[in-house]
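Undergrad: Fold the following for me, if possible:
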Amino acid sequence: EVQLVESGGGLVQAGGSLRLSCAASGFRFDEYVIGWFRQAPGKEREGVSCIETINGMTYYKGSVKGRFTISSDNAKNTVYLEMNSLKPEDTAVYYCAAAQGSILVALDEEDYEFWGQGTQVTVSS
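TA: As a prediction, the model looks like this:
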């Protein structure tokens, strides 16, 4: 059974940090790109960052570059999203997802076949 389980969300003040985790199971982890997406209330879901687990290549949405860092621990089948200098506009439910292929899939949701249930991140001003 394929599972993606997010954890690490919570409430933090603006300027603070959180680290999200995405634990994967049920598929060949190193054959997939793992992406982080988020959906704020009343807004469409958007891609944040992704990583090609086999070689560590990464991609970031422009607004999070320099603040968020994605990494992968292949021994644990887990991808992390370190979020620093958080802003109220980062408030959203954060989802991780898996896409087979290379980093060229970037953050195109249509390419992601497995999704987690999400974890809430709330940044207060």
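Undergrad: what mean pLDDT would you report for stretch 97-115?
TA: Averaged over stretch 97-115, pLDDT sits at 91.
Undergrad: centre of the chain versus that stretch, how much separation?
TA: 12 Å (C-alpha atoms, centre = their mean, to the nearest Å).
Undergrad: and the end-to-end length of it?
TA: 4 Å (C-alpha to C-alpha, to the nearest Å).
Undergrad: Now do the buried residues in that stretch.
TA: 97-99, 103, 105-107, 109, 111-112, 114-115 (16 or more other C-beta atoms under 10 Å). For every residue, glycine as well, the C-beta is placed using N, CA and C.
Undergrad: Quick check: the farthest pair among those residues?
TA: Spanning the widest gap among the buried residues of stretch 97-115 are Ile103 and Trp115, at 18.7 Å by C-beta to C-beta.
Undergrad: Would you agree Met83 is in contact with Ser17?
TA: Yes - counting by C-beta atoms under 8 Å, Met83 does reach Ser17; the two are 6.2 Å apart.
Undergrad: the more surrounded of the two?
TA: Between Met83 and Ser17, Met83 has the larger neighbour count (other C-beta atoms under 10 Å), namely 27 against 11.
Undergrad: residues in contact with the more buried one?
TA: Counting by C-beta atoms under 8 Å, 6 or more residues apart in numbering, Met83 makes contact with 17-20, 64, 67-68, 90, 121.
Undergrad: Give me the three-state assignment for Trp36.
TA: strand (DSSP: H, G, I helix; E, B strand; the rest coil).
Undergrad: for Thr58, same thing?
TA: Relying on three-state DSSP, one would call Thr58 strand.
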